[in-house]
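Asker: how would this look folded up:
(2 chains)
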There are 2 protein chains.
Amino acid sequence: MLTQPGEQPEDLSQSVGLVERKYVRLFEGADKLNLECGRSLGPIDVAYETYGQLNEKKDNAILITHALSGDAHVAGRHKKEDRKPGWWDNMVGPGKPFDTSLYFVICSNCLGGCMGTTGPSSLDPQTGRPYGLSFPMITISDMVEVQRALLDYLGIEKLLAVAGGSMGGMQVLDWAIRYPRQVAAAIPIATTSRLSAQGIAFDAVGRNAILTDQQFKEGMYYQTGKYPGAGLAVARMVGHITYLSEEAMHAKFGRRLQRSEDYQYEFSNEFSVESYLDHQGSSFVDRFDANSYLVVTRALDYFDLGADFDEDLASAFAETNAEFLVISFSSDWHYPPRDSKSLVNAMRANDVDVTYSDITADWGHDSFLVKEVINGKLGFLVRSFLDNLDKELTDAEES
Amino acid sequence: MLTQPGEQPEDLSQSVGLVERKYVRLFEGADKLNLECGRSLGPIDVAYETYGQLNEKKDNAILITHALSGDAHVAGRHKKEDRKPGWWDNMVGPGKPFDTSLYFVICSNCLGGCMGTTGPSSLDPQTGRPYGLSFPMITISDMVEVQRALLDYLGIEKLLAVAGGSMGGMQVLDWAIRYPRQVAAAIPIATTSRLSAQGIAFDAVGRNAILTDQQFKEGMYYQTGKYPGAGLAVARMVGHITYLSEEAMHAKFGRRLQRSEDYQYEFSNEFSVESYLDHQGSSFVDRFDANSYLVVTRALDYFDLGADFDEDLASAFAETNAEFLVISFSSDWHYPPRDSKSLVNAMRANDVDVTYSDITADWGHDSFLVKEVINGKLGFLVRSFLDNLDKELTDAEES
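Answerer: Below you'll find the predicted structure:
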């Protein structure tokens, strides 16, 4: 996420305040999750957070799905002294676009992740050691299955909405297609029906850096006291280039030098953009598990909505009942607007109710995390869409 | 370079045939090269090749400058059984755009390289060991200085033309600006007046992968029997993504799987595009020195034509006498057409004689290496430009 210059002090009246990460164990005993790859997995611990109150009818629940490096901590703070709130705090809170005075907002860490939900760093009950590379390969649909089980546990039969950006958007699409009767509205943001060759290529570079790191030890680095941090940092650096637009990088860094007016003729962090990437890489290493990075990026690669429908994307939406708000960003070259337009065309071919906006924003793929975009058109669109949806649902009930 | 399906057998009548790599030692004794970084270097061995005959007036010489991973071997074969000819064989030969029946074509391996010219893998005469990271940091201008010394040695006072793509194009620009009286014509292809923040960022990722490879050993891996090949391969993989357009990757690979109709749920080379990158990475490791990669990419980062002219690119061309043919490729997102247009505008502000073409080609940055482009518009433009130049020069002499 880009830090914005001249950021205003937070308006705490719009904050969800102090929040708690909760945990639940699902798929216990014989009730394992059957994964797309053919293997099964259980038990699965799920870390999740909720904001706002579930109403009596249990029809005001909104599921937010996170991107590759996100987690369940969407809004508020775990402790007062936390330097930063959750990753979409500007979007979620009382009076914010996902208004927690109206909606019950849920987010869970994805399957395969490393922020509380079962993933490769979790202990395999069979061996008592971390799964490492023995963790099964997972898909976006597997992530959705775990979310669905969590909603069952919470007693929620139908979502008012499911919303998310990037990998989160893939989950949104998967939800709306595979569980058409459980999703009233869907908000896929900055996403695609399938990763391009270039997208797979960037992921492959990152994974290659991890897999060939000498401290990777075939994924069993947990007990070695060493960590494939160098490889993971390289992966994160590559990722960050794709999350930013060339324009944003130019505006933010240009060719500015980090420590001097003149070239110092050194290899490391001489240009500001190098320092930025270096910081992104090393801070990621402190908080993310390398095996999770492998597994979750592979899930991105495998995502291909049309594949199960003879490559006919329109057919994928034939059974969908959800109303859609599809959003892309003009400068997103990683998941470009044309991918969102293909989705919209496929929806419209089925007379699906869809609103589409390609938001003019210079920050590239990560625009959905940028405060200026959220406080501008993104927040406005989401709020209006949900308001309208609310009204429609009430009207339908009253008539 | 992309291999083209259905490639025709070579027309050997248009080949320069068997060629030899030559070597010369320059900057010997006290006559060291003063580098831009403030250090000096000598002696410098230069590996070069020549094709065609230098005429009596010594005015038919064309210097070709190579890109990051190129070398002096532009055309023909060293041995009959060589599987491939030089890297621009389609451009250089009798009857080809750089017509060796008319011109004396020269190409030398760049300073800092690893294909015969002095670089980090060369022996430091002070220590008797390879330079490694003690090799001085070099710039594009330093490369040009070495080429100029080579031309002196060959008795060539003035170049009919200097031509090259990508990093080669930077050298072309540097030549025309710093030695305006020694260059009659200049052909910068798919290049830029300075690397963008994004370009620096991609280079930084590659260097980071090398520098953090545990076998790198601070650049003194030469005597260890191990090589930082994993890091260098990652660097090359990142590079290759930027050399290809998204369209070309999609057309060439799409989401095709390498070994199967169905997902195998493995991390390595499941998608064809992964196998391609893996091959590019590992074959590069066999032929390129990791320290050279660091040094030469840093030279790319430092290149900034306007920097010495108060950021006013137009001023950079104030003293230029060369006639220019500037070429970009429509799908080149790495050194995009807008960068070439800026160059052209800066030239035109000085009434420099410039022909500009943005060639419609789908292969991205590497289009200048693609046979189809060479046999199409690129070859045509270069041939016509040189023909015309030849005529102009003859006319001027006769009048």
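
Asker: remind me which residues of the stretch 251-399 of chain A are low pLDDT?
Answerer: Low-confidence segments of the stretch 251-399 of chain A, defined by pLDDT under 70: A:397-399.

Asker: tell me the contacts of the closest residue to A:Phe317 other than its chain neighbours?
Answerer: Take A:Phe317 and drop its neighbours on the chain: the residue closest to it by C-beta to C-beta, 6 or more residues apart in numbering or on different chains is A:Asn350, 4.7 Å away. Where C-beta positions appear, they are placed from N, C-alpha and C, glycine not excepted. Taking C-beta atoms under 8 Å, 6 or more residues apart in numbering or on different chains, we find A:Asn350 in contact with A:314, A:317-318, A:320.

Asker: Those in helices, which ones?
Answerer: A:Ala314 (DSSP state H).

Asker: quick check, nearest of the contacts of A:Asn350 to B:Lys391?
Answerer: A:Ala314 (58.4 Å; C-beta to C-beta).

Asker: ok, now how distant is the closest residue to that closest one other than its chain neighbours from chain B?
Answerer: Distances taken as C-beta to C-beta, 6+ apart place A:Ala349 nearest to A:Ala314, at 4.0 Å, with adjacent residues excluded. As for A:Ala349, its distance to chain B is 21 Å (criterion: C-beta to the nearest C-beta, to the nearest Å).

Asker: burial of A:Ala349, as a residue count?
Answerer: 14 (other C-beta atoms under 10 Å in any protein chain shown).

Asker: Same question for A:Gly155.
Answerer: A:Gly155 - counted by other C-beta under 10 Å - has 9 other residues nearby.

Asker: Please report the distance of it from A:Ile106.
Answerer: Using C-beta to C-beta, to the nearest Å, we find A:Gly155 at a distance of 12 Å from A:Ile106.

Asker: Ok, A:Tyr221 next?
Answerer: Taking C-beta to C-beta, one finds A:Tyr221 at 33 Å from A:Ile106.

Asker: The two: which is more packed in?
Answerer: A:Ile106 (25 against 21).

Asker: Not counting sequence-adjacent ones, nearest residue to A:Val144?
Answerer: In space, A:Val144 is closest to A:Asp174, 4.8 Å off (C-beta to C-beta, 6+ apart).

Asker: where does the one you found land on pLDDT?
Answerer: With respect to pLDDT, A:Asp174 scores 98.

Asker: Confirm it sits in a helix?
Answerer: Yes: under DSSP: H, G, I helix; E, B strand; the rest coil, A:Asp174 sits within a helix.

Asker: My understanding was that it contacts A:Ser141; is that so?
Answerer: Yes: the pair A:Asp174 / A:Ser141 is scored as a contact, 5.5 Å apart, by C-beta atoms under 8 Å.

Asker: Strands along chain A, start to end?
Answerer: Under the criterion DSSP state E, chain A contains strands at A:22-26, A:33-34, A:40-41, A:44-51, A:61-65, A:92-93, A:98-99, A:104-108, A:123-124, A:129-130, A:159-165, A:183-189, A:323-329, A:354-359.

Asker: Contacts for the last one, please.
Answerer: Contact with strand A:354-359 is made by A:323-330, A:337, A:340-341, A:344, A:347-348, A:367, A:373, A:376-378, A:381, A:385, as judged by C-beta under 8 Å, 6+ apart.

Asker: Dump the C-alpha coordinates for it into CSV.
Answerer: Extracted as CSV, the C-alpha positions of strand A:354-359 are listed here (Å, rounded to 0.1, in the frame of the first residue of the first chain):
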residue,chain,number,x,y,z
VAL,A,354,-23.9,-5.5,-13.8
THR,A,355,-22.5,-2.0,-13.1
TYR,A,356,-19.0,-1.5,-14.5
SER,A,357,-16.6,1.3,-13.8
ASP,A,358,-13.0,1.7,-15.0
ILE,A,359,-11.8,4.2,-12.5
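
Asker: which parts of it are buried?
Answerer: Within strand A:354-359, the residues that count as buried by 16 or more other C-beta atoms under 10 Å in any protein chain shown are A:354, A:356-359.

Asker: Taking strand A:323-329 as reference, get the angle to it.
Answerer: 10 degrees (axes from the mean of the first three to the mean of the last three C-alpha atoms, to 10 degrees).

Asker: For strand A:354-359, what is the distance to the chain centroid?
Answerer: Centroid separation for strand A:354-359 versus its chain: 19 Å, with C-alpha atoms, centre = their mean, to the nearest Å.

Asker: Strand partners (parallel or antiparallel) of it?
Answerer: strand A:323-329 (parallel) (DSSP bridges).

Asker: and the angle from the partner strand to strand A:159-165?
Answerer: Using the same axes, to 10 degrees: strand A:323-329 against strand A:159-165 is 10 degrees.
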